[in-house]
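> structure of the sequence below:
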Amino acid sequence: MAKKIRGKVEEILKLSDDDLQKQLDESYRRLFSLRLQKETLQMTNHREIPAIKHTIARLKTFQRQRELLQASQGEAS
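Below is the predicted model:
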């Protein structure tokens, strides 16, 4: 399982800032869709909602790390 997570982390690290934002937007759309499916009783796998929330949190974490890195590099120069 650690390899699977490490692979996801490496994929996220390779993304540009724009691609990271696109992934985040796509994840939010997917979450909206899943919530709609849940309310209309069309959802088959209820574990998808926490999984996509976890993905959103991971993407936001990497986005914030990049923001802080850019801010610290801006102060250093």
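> from here on, contacts and neighbour counts on C-alpha atoms
OK.
> buried residues in stretch 56-75, which are they?
Using 16 or more other Cα atoms under 10 Å as the test for burial, stretch 56-75 gives 56, 58-59, 62-63.
> for the strand or helix carrying Glu67, packing partners?
Of the helices and strands defined by DSSP states H and E, Glu67 is found in helix 48-76. Here helix 48-76 touches helix 2-14, helix 17-39, going by 3 or more Cα pairs under 8 Å, 6 or more residues apart in numbering; DSSP states H and E.
> re earlier: Leu31: which of the buried residues of stretch 56-75 is nearest?
Distance to Leu31, by Cα to Cα, is smallest for Ile56 among the buried residues of stretch 56-75, at 9.1 Å.
> need the least confident one among the helices and strands packed on helix 48-76, by mean pLDDT.
Of all the helices and strands packed on helix 48-76, helix 2-14 carries the lowest average pLDDT, namely a mean of 75.
> for Met43, what are phi and psi?
Phi and psi for Met43, reported as degrees, to the nearest 10, are phi -80, psi 140.
> that one and Leu34 touch, don't they?
Yes. Contact criterion Cα atoms under 8 Å: Met43 and Leu34 qualify, at 7.3 Å.
> more neighbours: which of these two?
Leu34 (19 against 15; other Cα atoms under 10 Å).
> contacts only, for the closest residue to that one other than its chain neighbours.
Of all residues not flanking Leu34 in the chain, Ile49 sits nearest, at 6.5 Å (Cα to Cα, 6 or more residues apart in numbering). Ile49 makes contacts with 31, 34-35, as judged by Cα atoms under 8 Å, 6 or more residues apart in numbering.
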